[in-house]
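Q: Pasting the sequence and the predicted coordinates here, then a few questions.
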Amino acid sequence: MANLMSYLRLVTVEPVMFLNMLGSFLQYTSVQHLIYEKTCMQLYNSSICDNLTHHKEEEEQVQTGTSHWLIYLNLVQTVPSILTALFLGSWSDRIGRKIPMTMPCIAAMIYAVILIVSSVYIWLPVPYILIGSFLLGCTGGFITTTFTVYSYMADITDKETRTRRVGIVESMTFLGSTIGLLCGGIMIDNVGFVPVFIFYGALSLTTFLYILLWLKESVQVKQTMRKQHPDASPGNVQADNQDIQMSKAEKKLCRELCRLENVKKSLCVCFKKRLNSGRLHLLLLAMTLLLFQLVGSGDSDVTVLYTKKDPLGWSSSLTGYYLALTSFLKGLCLLTVLPLLTSKTTLHDTTIAMIGTIFRMGAYVMIAFSTETWMMFIVPVLMSMAGIPAASVRSLLSKVINADEQGSLFSFMAACESLISFIASFIFNSLYPATLHILNGGLVYILMAIILGISLVLLFMTGYSMRQITNYYGTLHEENPADEDGANGSDENSDV
């Protein structure tokens, strides 16, 4: 029992990421199917929609219309999410991670109600769904959850264990999405949309309660407030006056949420000068992560449409099985392969990321040429290593910056990832219907593989530069051990 409690104490934000990703993937893929059905019903009648794969021209019209609605859906959530996250990032470095972490949960519960109503009244126009997506975006949505979770993990770990712990959090993304994708497809085919969105609302409520009742704050909020308000520190005033001063400081921090200074700090974190080419490494890693996000968002938007059309013609359940298997294998590799690579080998984080990227490129090429179901189900094996690169890059990013910049960095990156997600949605949802006649729509996957090739180059450049700097200071220390501190404290303007 004691051992069980000790393990439970190690559990922090992992369930938050798991529950959030379970709900997000359950909701998003189900919304895709709902919009697909609404688009068809508003263009044609139920007899055509029930056998859409046998009506080629109508199927193409529905695919095109759904792609366009998905662009609008991502737009109304992405723009407010970016603006909100830029304010919340630096603010969370002072006020703590828990408050911003709970905000998307509340919006998700409201969104769930809107989706339930839209499902009951199938003839309601699609824009009603956009309203709920906009409300979710106003709280930062997935961006806020992502940056607060990764910032929290950076707060409580050291550099030696961070890659492994970040990998566990990243695995929650895939394990949660596995269940979400699996449940979504099966539930839609068997019980319809309403139970899916009720489940989504229940998950959001559970996440909210877990954060509120179980999670401990990772930022020393009172210490931060005392630094900003020294008159409230012990020894200068009596206990009652301290409470009053702390209350005033707390209110001031809440007011500071809307200050443009928060946005400035988030924007500047990637561009300030740093020791040992830190700024260069930060920019290269940031560009790499954004390329991963570009490809991942395009993949999630196109795959449902790609598998539903001829020659595959999959049902919602089969699509759910495929996506769930892919996510499960990604999560499994993060829990097993990544810890082995980081603890049992001397491979650099960038090398580990490059290995995973090569596997992912192979998977996309396989999808592009798949015309049979059995061919598509080979893809998850190749895609199993696809979660490792992002985990390695996030860990490296957190190691380059200072402890008090984690929220600013991860909010900036999450905002950029959200912007990239919208760009990806626009690119691939526009390119896919325009290239349906080329490789049955598989050309977009060839483009994804090419984009990942660019990320390989960036990873190689980053790893090479980091190893050169490490070798330089290692040689310098061997030649003159007494100068080790001087070498490590080199001038801040030595950045490339």
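A: All right, it came through fine.

Q: residue ranges with poor pLDDT in this protein?
A: 1-9, 47, 50, 52-53, 220-264, 266, 472-496 (pLDDT under 70).

Q: So which residue is dead centre in it?
A: The residue lying closest to the centre of the chain (CA atoms, centre = their mean) is residue 146, at 5.5 Å.

Q: and the closest residue to it other than its chain neighbours, what helix or strand is that in?
A: Closest residue in space to residue 146, ignoring its immediate chain neighbours: residue 414 at 4.7 Å, by CB to CB, 6 or more residues apart in numbering. Quick note: C-beta positions are derived from backbone N, CA and C, even for glycine. Under the criterion of DSSP states H and E, residue 414 resides in helix 406-434.

Q: For that helix, buried residues please.
A: 406-429, 431-433 (16 or more other CB atoms under 10 Å).

Q: Tell me the helices and strands packed up against the helix or strand encompassing residue 307.
A: Assigned by DSSP H and E, residue 307 belongs to helix 278-308. Packing partners of helix 278-308 (3 or more CB pairs under 8 Å, 6 or more residues apart in numbering; DSSP states H and E): helix 14-43, helix 56-95, helix 316-343, helix 349-368, helix 388-400, helix 406-434, helix 443-479.

Q: can I get those helices in JSON lines with distance to residue 308?
A: JSON lines is the format used below for those (distance: least, CB to CB, whole Å):
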{"stretch": "helix 14-43", "distance to residue 308": "8"}
{"stretch": "helix 56-95", "distance to residue 308": "8"}
{"stretch": "helix 316-343", "distance to residue 308": "7"}
{"stretch": "helix 349-368", "distance to residue 308": "14"}
{"stretch": "helix 388-400", "distance to residue 308": "27"}
{"stretch": "helix 406-434", "distance to residue 308": "12"}
{"stretch": "helix 443-479", "distance to residue 308": "15"}
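
Q: Return the most buried member of the ones you listed.
A: Comparing these by mean neighbour count (mean count of other CB atoms under 10 Å), helix 388-400 ranks first with a mean of 25.

Q: helices and strands around that helix, which ones?
A: helix 141-156, helix 159-191, helix 278-308, helix 316-343, helix 349-368, helix 406-434, helix 443-479.

Q: quick one, which of the ones you listed is nearest to residue 91?
A: helix 406-434 (7.7 Å; CB to CB).

Q: got the angle for that closest one vs helix 388-400?
A: 150 degrees (axes from the mean of the first three to the mean of the last three CA atoms, to 10 degrees).

Q: What is the distance between helix 406-434 and the centre of its chain?
A: 10 Å (CA atoms, centre = their mean, to the nearest Å).

Q: same question, stretch 180-197
A: With CA atoms, centre = their mean as the basis, the mean position of stretch 180-197 lies at 23 Å from the chain mean.

Q: follow-up on the earlier one: which one, of the helices and strands packed on helix 388-400, ends up nearest to residue 18?
A: Once those are compared by CB to CB, helix 159-191 is nearest, at 4.1 Å.

Q: following that closest one, which helix or strand shows up next?
A: Counting by DSSP H and E, what follows helix 159-191 is helix 193-213.

Q: hang on, the earlier thing: do I have it right that the residue nearest to the centre of the chain meets residue 412?
A: No. Residue 146 lies out of contact with residue 412 (CB atoms under 8 Å); the separation is 11.7 Å.

Q: do you know how far residue 46 is from residue 40?
A: 9 Å (CB to CB, to the nearest Å).

Q: what do you get for residue 297?
A: Residue 297 is 24 Å from residue 40, where distance means CB to CB.

Q: How about residue 125?
A: Plainly put, residue 125 is 14 Å away from residue 40 if you go by CB to CB.

Q: for residue 196, same thing?
A: 18 Å.

Q: before we move on, what about residue 66?
A: With CB to CB as the criterion, residue 66 and residue 40 are 8 Å apart.

Q: One more: residue 211?
A: In terms of CB to CB, residue 211 sits 39 Å off from residue 40.
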